[in-house]
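1. Fold the stuff below for me.
(chains A and B)
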Amino acid sequence: MHIPSKDLAPPYLGGLILNQDSCLDVRNNPGADSTTGNVRKVAFMNRRRFFQVAGAAGAALMASPRRMTSVLAASSSTRELVRFPEKTEMILLTDRPPQLETPIHYFRQDLTPNEAFFVRWHLEGIPTSVDLRTFRLNISGHVRQPLQLSVDDLRSQFESVSLIAVNQCSGNSRSFFEPRVPGGQWKHGAVGNAKWSGVPLKSILDRAQVKSGAVDVSFNGLDAPPLPSVSDFVKALSIDHARDGEVMIAYAMNDHALPMVNGFPIRLIVPGWYGTYWVKALSDITVLPQAFSNFWTDKAYRIPSGPNGTESPKNLAKDTIPINRFNVRSIFVRPDPDETLRRGMPTEIEGIAFDAGHGIRRAEVSTDGGATWADTRLDPEIGKYSWRRWRAAWTPRSRGQYRLMARATNAIGETQSKEQWNRSGFMWNVIQQVDVRVQ
Amino acid sequence: MVPKKKSTVLALGLAALVAGCGHPSNVSKEADHSITNARMSDNPVHTIVMPHDEPVFPPGPGRDEFVTACVVCHSPRYITMQPRFSRSTWLSEVKKMKDVYGAHISDEQVPKITDYLVSINGKRDSGQAPKGIYGE
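-> Numbers count the residues shown, from 1 in each chain, chains lettered A, B, ... in the order given. Model prediction:
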């Protein structure tokens, strides 16, 4: 699809257009090195300038790093890379409010770099400036001791904890549902794994002295609706969940401050639960003596109540429930989709798998479209809420087209779907297929 | 010496922060870390400047309504990001925005905006397109 663009956009606004042609350009250049500088330069140019350079000085483009191929190959249609403040080149879904997807090659690292971690906001009014001298986290409602805590208070007055946990958008992989559904058209990159450091929510609620009869705890951030008629983005957890000792308020991500677009200065961490609950730029916690109710829980982010949130397009589920824990899924990180491999050459197949915290116990791959399956080697667990890496060696013996598949199973025997659909495009965990060619 | 050193660090941190804010795309990896350090220790105010680069949609019937009612709250990329949808799906999206999300769209504007969206990113009605409901 053609997206008209302003010709006079400032230089940093232009995106790198990705398509199969440029993919081949990169691939066919055996001398491509892995510096990122050239990619940055390309990405800074506006589109017109990019094409001028691409045409006149192809050699400069050829210097794009090899790792870019995964992004290029993953794009079945044109997708654009952009840089937002404090972020590296990300796949652009939308710019206002921003939705930015992580290129898959970053998942070859156990911890997703902050600058590459996916971004998803709901409302146009996202925070762009925070003064730590005046910022306070307010705890109020059904408590004996309302609190106003600065980030320094959180750091100095509470014991710090760290946890490695996957955060995944409810709609990750939405673009694979058939029939297609409206919403953020993510491929598999609306997910990331990070080390979160901060304060257990329980410690803060205990200091605020929750009164008896508390039911829910709601969480609001600094983001604001563009019109008074639009619902503010507020989410809630049950009081028991909020006090489970694992839900955390994080002030650090991979030992650094959070990027602004990932929730600076603090965000909620809800291990094993979908990202919709991980409220960014968290500013207000309200303890409630009744069930929380608003648009974002009553009407949005709901799934069919049946198994794995699945329903049929022709027979929509009547009962829906709020989306909650991750199901089991795995994602290929190697080889790249559509990659051409060499006959007789040993190849490492690699992927990540995760669930809601029971732990991945098995990951299998098929190289014949699911006819036969073989166990992979699992890397050591680095946390129950972290993803777990799996690897398998494969030496294709003959030329031709191969369909690779991967499926993970967790400690309680849950595994991935063969088919799945729901109206909102949530919780995709269909066994992934990657087609590769062997020459 | 200590105060001097501290002020140097602050100055460097601020310089990095200013560079990062004014030219968001030009922040090097090193500058990113300086920003992190600056805001963690010395500079209490952290600010970014969001890029502004939105597609401009072509003229056509309904474009004015689309711009006033839709683009006021979000980028036109919310349209171009989607696959080509049938008129019934776009209609349900417009109604969802009006009735559920609280967009200021009058009843008269609904079909105009829908037709414009179909002209931009539509396909023929298959009759079995799912109703879009609160897709996030």
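2. any idea of the pLDDT on whichever residue of the stretch 51-200 of chain A sits closest to chain B?
-> Closest residue of the stretch 51-200 of chain A to chain B, Cβ to the nearest Cβ: A:Gly183 (2.9 Å). C-beta coordinates here come from the backbone N, C-alpha and C atoms, glycine included. Per-residue pLDDT puts A:Gly183 at 95.
3. just checking, it touches A:Ser424?
-> Yes - using Cβ atoms under 8 Å, A:Gly183 is in contact with A:Ser424, at 6.6 Å.
4. Please say which of those two ends up with more neighbours.
-> Neighbours per residue, other Cβ atoms under 10 Å in any protein chain shown: of A:Gly183 and A:Ser424, the larger number sits with A:Ser424, 27 against 24.
5. residues contacting A:Asn262?
-> A:Asn114, A:Phe117, A:Val119, A:Met253, A:Lys280 (Cβ atoms under 8 Å, 6 or more residues apart in numbering or on different chains).
6. which one of the residues you listed is nearest A:Pro313?
-> A:Val119 (29.8 Å; Cβ to Cβ).
7. so who does the nearest residue to the closest one once chain neighbours are set aside touch?
-> Take A:Val119 and drop its neighbours on the chain: the residue closest to it by Cβ to Cβ, 6 or more residues apart in numbering or on different chains is A:Leu100, 4.1 Å away. Residues near A:Leu100 by Cβ under 8 Å, 6+ apart: A:Val82, A:Phe84, A:Lys87, A:Met90, A:Ile91, A:Leu92, A:Leu93, A:Phe118, A:Val119, A:Arg120, A:Val261.
8. Secondary structure class of the fourth one, three-state.
-> Following DSSP: H, G, I helix; E, B strand; the rest coil, A:Met90 is assigned to strand.
9. Where does pLDDT dip in the chain?
-> With no chain named, the answer covers chain A. A:1-77 (pLDDT under 70).
10. Not quite, go with chain B.
-> B:1-42, B:126-136.
11. try it again with 90
-> B:1-43, B:52-53, B:124-136 (pLDDT under 90).
12. tell me the domain ranges of it?
-> With domains defined by automatic domain parsing, chain B comprises B:2-42, B:63-123.
13. roughly how far apart are the nearest residue to A:Asp95 once chain neighbours are set aside and A:Asn262?
-> Of all residues not flanking A:Asp95 in the chain, B:Ser75 sits nearest, at 4.9 Å (Cβ to Cβ, 6+ apart). Distance, B:Ser75 to A:Asn262, using Cβ to Cβ, to the nearest Å: 19 Å.
14. One more: A:Val130?
-> Taking Cβ to Cβ, one finds A:Val130 at 13 Å from A:Asn262.
15. same deal with A:Thr310?
-> 31 Å.
16. Over to A:Thr395?
-> On the measure of Cβ to Cβ, A:Thr395 and A:Asn262 end up 40 Å apart.
17. my read: A:Val191 touches A:Val166, true?
-> Yes - if you go by Cβ under 8 Å, A:Val191 and A:Val166 touch, sitting 6.4 Å apart.
18. who's more crowded, those two?
-> Neighbour count, other Cβ under 10 Å: between A:Val191 and A:Val166, A:Val191 has more, with 26 against 23.
19. Please name the bridge partners of that one.
-> A:Gln168 (DSSP bridges).
20. And the helices in chain B, which stretches?
-> B:2-22, B:29-37, B:63-69, B:77-80, B:87-96, B:109-121 (DSSP state H).
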